[in-house]
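> Here you go, sequence then predicted model.
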Amino acid sequence: MKLITSPEVASVFSKYPDIVRDKMVNLRRLVLETAEEIGLPDLEETLKWGEPSYIAKKGSTLRMDWKSKSPDEYAMYFKCTSKLVPSFRSVFDGFFKFEGNRAILFQLDEEIPEAELKNCIKSALTYHTVKHLPHLGL
């Protein structure tokens, strides 16, 4: 897989507090691993609204960030008008905490259920090929 990355992304990661940076780097690792596992030819890593964002040709943009106003949590964001978060909520209820139809929230002191999150990431990166499937094929 070819990763097309914007140099500004590294700058954003470097500004997170240490414990947050570790968590955000882990989310990034999960995105890149998932993209590789599903055979994406390329993935763009850029900033959208100042947040690390990932764009695949047949996917829906996913973003991630930590905000100082909620210092104990960080999030992965999805397009709120898509079927992504509603599908995640119906399939993975109990695994994640959600914010409306736009985000999965994570607590800094909790472990992420990686297999389940990678399924969510896969759905976002392939959204335009799975959006017609019940629960996105999850």
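Happy to help now that I have it.
> what does the average pLDDT come to for the longest helix along the chain?
The longest helix of the chain (DSSP state H) is helix 18-37. Over the span of helix 18-37, the pLDDT mean works out to 97.
> Could I get the buried residue list for that helix?
Neighbour-count burial for helix 18-37 flags 20, 23-24, 27-28, 30-32, 34-35 (criterion: 16 or more other C-beta atoms under 10 Å). No exception for glycine: its C-beta is placed from N, CA and C like everyone else's.
> tell me what that helix is packed against?
helix 7-15, strand 42-48, strand 51-55, strand 62-66, strand 73-78, helix 114-125 (3 or more C-beta pairs under 8 Å, 6 or more residues apart in numbering; DSSP states H and E).
> Could the C-alpha coordinates of that helix be exported in PDB?
Extracted C-alpha coordinates of helix 18-37, given in PDB (Å, rounded to 0.1, in the frame of the first residue of the first chain):
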ATOM      1  CA  ASP A  18       2.700  12.000  25.800                       C
ATOM      2  CA  ILE A  19       0.000   9.600  27.000                       C
ATOM      3  CA  VAL A  20      -2.400  11.000  24.300                       C
ATOM      4  CA  ARG A  21       0.200  10.700  21.600                       C
ATOM      5  CA  ASP A  22       0.700   7.000  22.400                       C
ATOM      6  CA  LYS A  23      -3.000   6.400  22.100                       C
ATOM      7  CA  MET A  24      -3.300   8.400  18.800                       C
ATOM      8  CA  VAL A  25      -0.300   6.700  17.300                       C
ATOM      9  CA  ASN A  26      -2.000   3.400  18.200                       C
ATOM     10  CA  LEU A  27      -5.200   4.500  16.300                       C
ATOM     11  CA  ARG A  28      -3.100   5.500  13.400                       C
ATOM     12  CA  ARG A  29      -1.400   2.000  13.500                       C
ATOM     13  CA  LEU A  30      -4.800   0.400  13.400                       C
ATOM     14  CA  VAL A  31      -5.900   2.500  10.400                       C
ATOM     15  CA  LEU A  32      -2.700   1.700   8.400                       C
ATOM     16  CA  GLU A  33      -2.800  -2.000   9.300                       C
ATOM     17  CA  THR A  34      -6.400  -2.300   8.300                       C
ATOM     18  CA  ALA A  35      -5.700  -0.500   5.000                       C
ATOM     19  CA  GLU A  36      -2.900  -2.900   4.300                       C
ATOM     20  CA  GLU A  37      -4.900  -6.000   5.300                       C
END
